[in-house]
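Visitor: here's my sequence, what's the structure:
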Amino acid sequence: MRGFKRLRSKPVVRKRALTRDDLARAVSSFGPSPSHDDLLFVAILLSGFHVLLQLGELVWPDRVELQTVRKLSMRATVKVNENGYEYSLPAHKADPFFEGNRVLVRRSASSPNPLAAFEAYLTIRDHRFPLRAELWLQADGRVPTRAWFMQRLRRIFPRDIAGHSMRAGGTTSLAAAGVPPATIQAFGR
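Guide: Coordinates of the predicted model:
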């Protein structure tokens, strides 16, 4: 079997981890007056990077039969203060008992600051959809899907950046800052 795998396998192609410079480029690419969907994209991108979230924890799958409201983060669970924001992640792939987690995102001294991006998105979202329960909503009222996110990601970055690049980049950034590996592991659940 090993010989067959060696003969027929393809080399592993890893996607590049996002850097803080990549994040700054993404934020600046929308100019001084970003749209609702631009703000949503940036808020998801920065949240995923700073909290080591998987893309599937932030958006719906493309296949309708896999979309379930039980896995959506809700607006009512959000708490914002001067140090950061938090919200409930009701269920995710690494949560076998579907107990959920609190996602805590701290203000960043370096640019881009995830708190500022999240507050900008939340302001426009609450103005447009004051009665909707879902936290992440596109301008047309739909929950963002993986395809929606990836399409926007492709407008800014080459194909060597993918959805997992947020989590990998956040992990690399923490390691470069001297955070112990055990802490990073616990941080990423």
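Visitor: now do the end-to-end distance for stretch 25-41.
Guide: 13 Å (C-alpha to C-alpha, to the nearest Å).
Visitor: ok, how many other residues are close to the closest residue to residue 25 other than its chain neighbours?
Guide: Counting by C-beta to C-beta, 6 or more residues apart in numbering, residue 25 lies nearest to residue 156, which is 6.9 Å off, once chain neighbours are set aside. C-beta here means a position set from N, CA and C on the backbone, and glycine is covered the same way. Residues contacting residue 156 under the criterion other C-beta atoms under 10 Å number 16.
Visitor: before we move on, what about the one 10 residues further on?
Guide: Neighbourhood size, residue 166 [other C-beta under 10 Å]: 29.
Visitor: which strands or helices does the helix or strand harbouring it pack on?
Guide: Assigned by DSSP states H and E, residue 166 belongs to helix 165-176. With contacts defined as 3 or more C-beta pairs under 8 Å, 6 or more residues apart in numbering; DSSP states H and E, helix 165-176 has these neighbours: helix 20-28, helix 36-51, helix 181-187.
Visitor: compute the inter-axis angle for the first one and helix 165-176.
Guide: With axes from the mean of the first three to the mean of the last three C-alpha atoms, to 10 degrees defining the directions, helix 20-28 sits at 140 degrees from helix 165-176.
Visitor: name the nearest residue to the residue nearest the centre of the chain, ignoring sequence neighbours.
Guide: The chain has residue 48 as the residue nearest its centroid, 2.8 Å off, counting by C-alpha atoms, centre = their mean. Leaving aside its sequence neighbours, residue 48 sits nearest to residue 166 (C-beta to C-beta, 6+ apart; 3.6 Å).
Visitor: surely the one you found and residue 55 touch.
Guide: Yes: using C-beta atoms under 8 Å, residue 166 is in contact with residue 55, at 6.8 Å.
Visitor: joint contacts of those two?
Guide: Here residue 166 and residue 55 have residue 48 as joint contacts, going by C-beta atoms under 8 Å, 6 or more residues apart in numbering.
Visitor: let's verify residue 103: helix, strand, or coil?
Guide: Following DSSP: H, G, I helix; E, B strand; the rest coil, residue 103 is assigned to strand.
Visitor: who touches it in this structure?
Guide: Under the criterion of C-beta under 8 Å, 6+ apart, the neighbours of residue 103 are 47, 51, 53, 73, 86, 87, 88, 89.
Visitor: distance of the residue nearest to residue 110 when sequence neighbours are not counted relative to residue 150?
Guide: Of all residues not flanking residue 110 in the chain, residue 20 sits nearest, at 6.2 Å (C-beta to C-beta, 6+ apart). Remark: distance between residue 20 and residue 150 (C-beta to C-beta, to the nearest Å) = 21 Å.
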